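> can you look at this prediction? I've put the sequence above it.
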Amino acid sequence: EAGVTQFPSHSVIEKGQTVTLRCDPISGHDNLYWYRRVMGKEIKFLLHFVKESKQDESGMPNNRFLAERTGGTYSTLKVQPAELEDSGVYFCASSQGVGRGLISGANVLTFGAGSRLTVL
Amino acid sequence: KQEVTQIPAALSVPEGENLVLNCSFTDSAIYNLQWFRQDPGKGLTSLLLIQSSQREQTSGRLNASLDKSSGRSTLYIAASQPGDSATYLCAVGYNQGGKLIFGQGTELSVKP
């Protein structure tokens, strides 16, 4: 089974530019999550999709961030315009769904390798 | 505010030692707690998941315990090996939704 795939692995852009990160979850996983780790801080939740619907977007920092999951398959996270403080590693994770994970009710997440974003 | 703290931030041990990594959380009404491992440039690998009703989970040389009343979890690694070198992350879930609160991690180095 292919894992969670993220692209690009590293992106370097200038302040004010736009970047789009992509995540391909494990096939059949209804749940898709975005997390990020900025320098020196812990990994923080951004948002959660169930299929194509946003279930929880309480972690999105501001309206410069736009996440989409058209058709309930892959997801994109766009940052526009990028600021210096957006630099960090953006992780995507997916899971089958509540009650259908490896441990019933536990919703085990599988993480991708992350996309490193550097804003200069 | 729900926070997760990990101590120590970094740890270096000689091969063969048994070691304990600590995790504490401020809100004890957890749903589950997970320990992850992260290797440089790689994603997070789930090591152990403890449900709120459980006290511990074991996988090979790893044992994770959970004490909800005191807001603590420990990850015990027996007979450490150089291949165990990685960053270990503790994450707490407060519902079934998969939103996790992470600690900053413990960077472990096991010297041959």
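Now that the structure is in, tell me what you want to look at.

> give me the contacts around the helix or strand harbouring A:Ala67.
Using DSSP states H and E, A:Ala67 sits in strand A:65-68. Strand A:65-68 is contacted by residues A:34, A:46-47, A:49, A:54, A:57, A:60, A:75-80 when judged by CB atoms under 8 Å, 6 or more residues apart in numbering or on different chains. C-beta here means a position set from N, CA and C on the backbone, and glycine is covered the same way.

> quick one, phi/psi of B:Gln96?
Backbone torsions of B:Gln96, given as degrees, to the nearest 10, read phi -80, psi -10.

> on that earlier part again, buried ones in the strand holding A:Ala67?
Across strand A:65-68, burial judged by 16 or more other CB atoms under 10 Å in any protein chain shown covers A:65, A:67.

> that one pairs with which strands, and in what direction?
Next to strand A:65-68 in the sheet, as set by DSSP bridges, lie strand A:75-79 (antiparallel).

> name the next helix or strand following the partner strand along the chain.
As assigned by DSSP H and E, the chain's next helix or strand after strand A:75-79 is strand A:88-95.

> before we move on, the earlier item: mind giving me the ChimeraX command for buried ones among the contacts of strand A:65-68?
Selection of the buried residues among the contacts of strand A:65-68 in ChimeraX, burial being defined by 16+ other CB under 10 Å:
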select /A:34,46,47,49,60,75,77,79
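
> in the contacts of strand A:65-68, find the pair that's most separated.
The largest separation in these, counting by CB to CB, is between A:Phe49 and A:Gln80 at 19.4 Å.

> so which strand or helix has the nearest residue to B:Arg72 once chain neighbours are set aside?
Of all residues not flanking B:Arg72 in the chain, B:Ser24 sits nearest, at 5.1 Å (CB to CB, 6 or more residues apart in numbering or on different chains). Using DSSP H and E, B:Ser24 sits in strand B:19-25.

> chain center to whatever helix or strand comes next after that strand: distance?
Later in the chain than strand B:19-25, the nearest helix or strand by DSSP H and E is strand B:32-38. Relative to the centre of its chain, strand B:32-38 is centred 5 Å away, using CA atoms, centre = their mean, to the nearest Å.

> same check, this time on stretch B:35-45
12 Å.

> now stretch B:18-36
In terms of CA atoms, centre = their mean, the centre of stretch B:18-36 is set 6 Å apart from its chain centre.

> which stretches of chain A have low pLDDT?
By pLDDT under 70, the weakly predicted segments of chain A are A:1, A:97-107.

> near chain B, which residues of it?
Counting by CB under 8 Å from any CB of the partner chain, the residues of chain A close to chain B are A:3-4, A:31, A:33, A:35, A:41-45, A:48, A:55-56, A:58-59, A:91, A:93, A:95, A:98, A:103, A:105-114.

> which among those end up buried?
Judged by 16+ other CB under 10 Å, buried ones among these: A:4, A:31, A:33, A:35, A:42-45, A:48, A:55-56, A:59, A:91, A:93, A:95, A:98, A:106-107, A:109-114.

> I'd say B:Leu44 and B:Phe36 touch.
Yes. Using CB atoms under 8 Å, B:Leu44 is in contact with B:Phe36, at 4.3 Å.

> joint contacts of the two?
With CB under 8 Å, 6+ apart as the test, B:Leu44 and B:Phe36 both reach A:111, B:89.

> what's the most centrally placed residue in chain A in contact with, if anything?
Geometric centre of chain A, nearest residue: A:Trp34, 2.6 Å, by CA atoms, centre = their mean. By CB under 8 Å, 6+ apart, A:Trp34 lies in contact with A:23, A:45-47, A:67, A:75, A:77, A:90-92.
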